Structures are given as structure tokens and as C-alpha cells.
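Asker: when you get a sec, could you give me coordinates for this:
(2 chains)
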Amino acid sequence: MNGMMLVARREIGTQIRTRAFKIGLLITAVLVGALAFAPKLLDRPDTYTVGTVNSQQLPLAQAAPDAKFEWRSFPDEAKAKEAVLAGDVDAVLVDGVKVITDGEIESELGVLMQSTNREVKLGAAGVSIPPLQMESVGADTRYEAARTGIAVVLVLVLFMLIIGQTMMVAMGVVEEKGSRIVEILLSSIRPWQLLGGKIIGLGVLGLINLGTILVVGLGASMASGFAAEFPPGMAGIVAGVLIWFMLGYAFFATLAAALASLVSRQEEVGNVMSPLTMLIMAAYFVAFYATSDPTGTVATIVSFVPPFSSMVMPVRMAATEVPLWEVAASGALMILAVLATLSFGAKVYERAVLRTGARVKLGEVLRAK
Amino acid sequence: MLEISELRKRFAAAPGSPEGKLALDGIGFAVRPGEMFGFVGANGAGKTTTMRIVMGVLKADAGSVNWQGKPLGYAERQRFGYMPEERGLYQKMRAGEQIEYFGQLHGLSAAAAKKATDELLERLGLTERRNDSVESLSLGNQQRVQLAVALVHEPEVLILDEPFSGLDPIAVEALATALQERCRGGVPVIFSSHQLELVERLCDSVGIVSAGRMVASGTVGDLRAAEGRTLRVVVRGATPGWADGLPGELSLAGDRQVLLVTGGDDQEILRRAIKAGHVEHFGVEQPSLTEIFKEAVA
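Answerer: Residues are numbered from 1 along each chain as shown, chains lettered A, B, ... in the order given. Got it, this is the predicted structure:
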């Protein structure tokens, strides 16, 4: 255990000091912070400039509380026409009976003006109409936009972190194998200690990254006011992300170490890792698809299948309400898959990592006694 | 005492060839505490394979490695120091931290590892390089760090595969001194090398490997004795035919005659040489390790 912790500590200590790690962390923090402010910047309310000639202002703001209205009044129609053609106003109500615009009126503004006008005239005639009560009998969609947004960011973050840290594990394994450091290491510690320490160390670095993203993301959301749109149970979503990241990382990193132990040169890493990279990409695509259809059959089924579940389930959890039993069942399956991978990966690693030289065939390693 | 006996190892066949390569064919030798053992042999003779088996990096098909009378296990190996053939260091790690790290992996406490590292860096003249990354060091200094990694935990046995290769004469001396110090402290040292003069100068005993077998081993003196004594006699102005009938070769160099003779009565030869002319040289030829080596692997 001591040996494993020493290895883990070395991984953390050497990586955290590199410029690449610090800059990477800074860039992610800035990006995530910017992302939290983006909805506020992009989602500006509609603004209309409406003019009047010899008319009363319509209570447009009352009918459309999300939009902003600016009123201007003109002495006569000719002046109003000039302003409309110059683009200074969107529409001008003339004598309370007609509206002039440059080209066809914007449909939303048109409907708004018609209906408000009707209401005002009816009200003046003493008719009052109670407004329609709106009621949804479907799922709570109040937070849908925010949920989808969070899920899309999440899927990207999980993908980047898993593929990044997994690659680091693979390169670390080959570094030690290719330079024969592994021979010195394995004359003082066991293979599982070396493998375990490396996976834990780089995993902790991944968690530091993920933690930064979460803290900056949540902090910036609060500052920008985006947090107000967060769905309830945000704490659960955050905890879920951390746990699913750990499970997914453990699965992919172990396989990466096993595959990387087959080769002795950094140039061969990409090649030997390609099946695994494709698997991670596949998980990413399914998870990305799940953000747009989190309640669909495909997303639901795949969120139970390891290792895809490690990316799809947290996305589903963010994008929609997932029953607790589904999360638990999917988690249990993923844990089983991780355990199986650990025993398989450790075996391959132990047998292959000292066989320097030409690429070792996986079948050969498995057949060996 | 470290005893290696009857080691056999056959490497798996490459696809296409049914046999595989026989790397070790019953190699065996022993190294006593405080003895420096030089391991020589052509490339591919089995030196590295033997060392890797001793260090537990490879498994032998048959044979045994005993340390202090008991089979060598994982716990004992932790107290060995090892330098593999192709140098292995973390390039991006700082020299001092790297040495400390390996010390701790070998079971030293953090404080003890730091202390041992400081001492080693001082001895190897690397104190100023403590915080430099390994990749920024010269090759010679990298090799010193590698040695420090093998020495940091005060090993009970040292196994070094080609420790002198690629070093300049000054670095060779520094390394040799460091090894001799350990040796005097009672540590058995095994190292392989192609620099036979160096082996001859440093080692108490030598093992010559060929095709996975130990073809000759013992002290350099023993090996010479086994070669048979060769007399070298130089006579100036000798009468022709004085050496007729002696079991040797006579050659001419100007007015000097040089006789190389193996066996025969040396006193009789001397008397005949004095009678024949002016004896300039009369002595036993010491075969160099290179000659012994060539003879042994032939």
C-alpha cells in the first residue's frame, strides 16, 4: 500500500508542477467561467421601439413582460414615416387605428399590438375578459433549457478529462517501460502497486481538474445569475458527476495501462490505444446524443451499459429526472465492469510490462501461464 | 554469499521459428561479500539475462539464485541495488527528488531518503544539480544519478549492467572509486563490462560467459595460471641455432632474437640464452584478460 501511495504521490507531484498542467487548468477555468456568463449575454430580451402619432400608448409591456419597449411620439405622420424609413422606430401607431412599418411588421410585435389594441378597445367598451389560465400536465419543463445546457457542457468536460487522463496513463506506462525504469521499480515494488499508484495519481489530477471546473462553473453561475435557473437537486448532479467520472476513468485508464504495456515506444502509443480511443469516442457520441433526447429509448438503454453508462448516465441525470433505482442499478453494473477490467488489466500489465522490444501481442500475453 | 546455479532460460519462439532462443544454458557462479565480480562475454552471451533473473525481472526456466544460503525472494531483492542495461530515469523529474523517490520505494523513510540523497550528491559532485531536471544534465551526470539511484538505500548487493559504458575516463574513475568503497564495506558487486582492462584492474574475480554458459571463472591470477606460463626471452647478437629444440617460436627484430616459449625448463633456457649472447629480457609473459577472453570463447 505504501509503495502504491508513493507512486501516486510522485505522479501528482511531477504533473502538477508542469507548465502544461497549470496552463491547462487556467484555460479550463476561464472557459467554464465564460460559459456561465454566456446565457446572460446571448439571451438578451427583445427590444422594440414603438412610436405614436396622436395615439395612446398601448400596454404592451403588460402583455409581454419579457420584452422591452421604448416609446417615442411624433407630431405628424410624415415625421413618423421618416423615422420608420430611417430605421429609428420599428412601428408607429397612427391615430390609434393604423400601424406603419418599413416592410412587413415583425410577427411577434404585430400580434402583440393587435391583441393589446383589441383588449384596450374592449375594456373601454366595458367588456372585461379574464386571461386564460395556462397549465402543463406533462413533465416539469421549467428548467429544460438550463438542464440541456448543463448536460452539453458536462458531456464535453467528461470526454476531455477521460481521454486526457487516460492518454497520460498510457504515456506514463510506456515512459517507464521504454526507459527500463520499470526494471528498477519492479525490483522494489509489485506490479499492481506501480499500476495502481499511477492510475490513482493521474485520477486525482483529473479530479482536481473536474473540481476546478465545478467550482468555477458554479461560482460564475451564481455571479452571473444563471444559477437561478438551475434545476433542483444540483448538489446530487454534481456528486453524481464526480462518482461517474471516477468509475469511467478507472475503467478506461486500466485498459489504457494494459494496452500501453504492450509497446515500448511513445510513437506506438497512439496505434495500440486506437481501439480504446474509439470506444471513448463512441461513449462520447452516445452521451452527446442523449443530451438532445435524454428520455429516449437509446439513451435510457445505453445508460445501463458499461462503460457507456459512465458518460451517458451523468448526462441523463443532468438533462432530466432519473429514478434513483436506475442510477443505482447502472452504477452497480459499472462497478462490476471496473472490477473485471482491473483484474484483466493488471494481469496483462504484469505479464507484458517487462517484455521490452517489439510490440507484444495481446493474445500471447493472455495465453502465457 | 550470492550463489547462482544452473540457470536456464529459453525465450519464446519468434513467429516462424519453432525453437526459440536458448539464452542461458546452465550458467552458475558465486560472489562472496566484499568481492567485485566482473562479468564479461560477447553481446548476446547471456550476461544481461542472468542479471535480470537475479533481479527478478525475468523468471528462469530452471536453476536457482541463493542469497546467504536461502532462495532469493522479493523481500531480499528490495535491499539490492540495480542498474539496468539501458538507463532508466524519469527525464522530467529533478535529480535529487528522483534519488529520494527510489530510496523511499526501497523502504527508506522520507527523512532518511533525503539524508542519503544529500550525501550521495555530495560524493558524486552533483550537489549543485540537485534541482535540475534529469534531461538537462550531461550524459555523465545522468549516469551518476543512475548510480545514486542504485546506491541510495545502502544496498546489500549491487548488480550493475554495463555501468561504465559511455563514460569519459574521469567519470569512470569516480564510478570505480564509488564501487570499490562499497565493496570494501562488504557488499558483493557484480558488474558486466566490455572494457576488459577495467575489469582486470578492478575485479577480484571474473566470469567469462559464452553462449549461456560460464566458460571460465576465478581470479584473474587463476585464469592466467590455467593459460600456462609463457616465457619471453630477448637476446642480442645471439649465435644462430641456440634455441633449436626448444618448444617455442623464435623471431628476429634487427640484431635481437625474441623467443616465446611455453613449457620447458626455464633455468636451462636461461643458461642457453646467456651462452648464446647478451640477454636483454627474460621474464614470464602475463596474458591480458583480453587474451584470456579470446582464448576462452574461441
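Asker: mind telling me what element the spatially most central residue of chain B is part of?
Answerer: For chain B, the residue nearest the mean C-alpha position is residue B:38 (2.3 Å; CA atoms, centre = their mean). According to DSSP states H and E, residue B:38 maps onto strand B:36-41.
Asker: partner strands of that strand, with direction?
Answerer: strand B:189-192 (parallel), strand B:205-210 (parallel) (DSSP bridges).
Asker: after it comes which helix or strand?
Answerer: Immediately after strand B:36-41, counting by DSSP H and E, sits helix B:47-54.
Asker: just checking, what packs against that following helix?
Answerer: Here helix B:47-54 touches strand B:2-11, strand B:21-31, strand B:36-41, strand B:189-192, going by 3 or more CB pairs under 8 Å, 6 or more residues apart in numbering or on different chains; DSSP states H and E. All C-beta atoms are positioned from the backbone trio N, CA, C, and that covers glycine.
Asker: thinking again about what came up before, contact partners for the residue nearest to the centre of chain B?
Answerer: Contacts for residue B:38 (CB atoms under 8 Å, 6 or more residues apart in numbering or on different chains) come out as B:191-193, B:199-200, B:202-203, B:205-207.
Asker: follow-up on the earlier one: tabulate the strands paired with strand B:36-41 in TSV, adding columns for mean pLDDT and mean neighbour count.
Answerer: As requested, the strands paired with strand B:36-41 are exported to TSV (pLDDT from 0 to 100; neighbours: other CB atoms under 10 Å in any protein chain shown):
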stretch	mean pLDDT	mean neighbour count
strand B:189-192	93	25
strand B:205-210	90	24
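Asker: enumerate the residues of the stretch 101-250 of chain B near chain A.
Answerer: Residues of the stretch 101-250 of chain B found near chain A (CB under 8 Å from any CB of the partner chain) are B:101-102, B:104-107, B:149-150.
Asker: now the helices for the chain?
Answerer: Defaulting to chain A. A:2-17, A:19-42, A:60-63, A:77-86, A:107-124, A:144-178, A:181-185, A:191-224, A:234-260, A:269-292, A:297-302, A:309-319, A:324-352, A:362-367 (DSSP state H).
Asker: looking at chain B here, not the other one
Answerer: B:47-54, B:74-77, B:95-105, B:110-123, B:139-151, B:169-184, B:196-202, B:220-227, B:266-276, B:289-297.
Asker: angle of the fifth one against helix B:169-184?
Answerer: Our comparison of helix B:139-151 with helix B:169-184, counting by axes from the mean of the first three to the mean of the last three CA atoms, to 10 degrees, yields an angle of 10 degrees.
Asker: helix B:139-151 packs against which elements?
Answerer: Against helix B:139-151 (3+ CB pairs under 8 Å, 6+ apart) you get strand B:80-83, helix B:95-105, helix B:110-123, strand B:157-160, helix B:169-184.
Asker: roughly how far is it from the heart of the chain?
Answerer: Mean-position distance between helix B:139-151 and its chain equals 18 Å (CA atoms, centre = their mean, to the nearest Å).
Asker: which other residues reach that helix?
Answerer: For helix B:139-151, the surrounding residues in contact (CB under 8 Å, 6+ apart) are A:184, B:81-83, B:87-89, B:95, B:98-99, B:102, B:117, B:120-121, B:124-126, B:129, B:134, B:137, B:158, B:160, B:163, B:166-168, B:171, B:174-175, B:178, B:182.
Asker: quick check: phi and psi on residue A:225?
Answerer: Main-chain torsions, residue A:225, degrees, to the nearest 10: phi 90, psi 0.
Asker: burial measure for it, as a count.
Answerer: For residue A:225, the tally of surrounding residues (other CB atoms under 10 Å in any protein chain shown) stands at 12.
Asker: quick one: low-confidence parts of the stretch 201-350 of chain A?
Answerer: Counting by pLDDT under 70, the stretch 201-350 of chain A shows no low-confidence range.
Asker: which residues of it lie near chain B?
Answerer: Counting by CB under 8 Å from any CB, the stretch 201-350 of chain A has no residue next to chain B.
Asker: residue in the stretch 201-350 of chain A nearest to chain B?
Answerer: residue A:264 (10.2 Å; CB to the nearest CB).
Asker: now that residue: how far from residue B:290?
Answerer: Residue A:264 sits 34 Å away from residue B:290, going by CB to CB, to the nearest Å.
Asker: equivalent analysis for residue A:190, please.
Answerer: Look at residue A:190 and residue B:290: by CB to CB, they are 42 Å apart.
Asker: same thing with residue B:53?
Answerer: 27 Å.
Asker: looking at these two, which one has more neighbours?
Answerer: Between residue B:53 and residue B:290, counting by other CB under 10 Å, residue B:53 is the more crowded of the two (24 against 13).
Asker: doesn't residue B:62 make contact with that one?
Answerer: No. Contact criterion CB atoms under 8 Å: residue B:53 and residue B:62 do not qualify, at 10.8 Å.
Asker: mutual contacts of these two, please.
Answerer: residue B:7.
Asker: contacts only, for residue 167.
Answerer: All of this refers to chain A. Residue A:167 is in contact with A:256, A:269, A:273, counting by CB under 8 Å, 6+ apart.
Asker: I was after chain B.
Answerer: By CB under 8 Å, 6+ apart, residue B:167 lies in contact with B:140, B:143, B:175.
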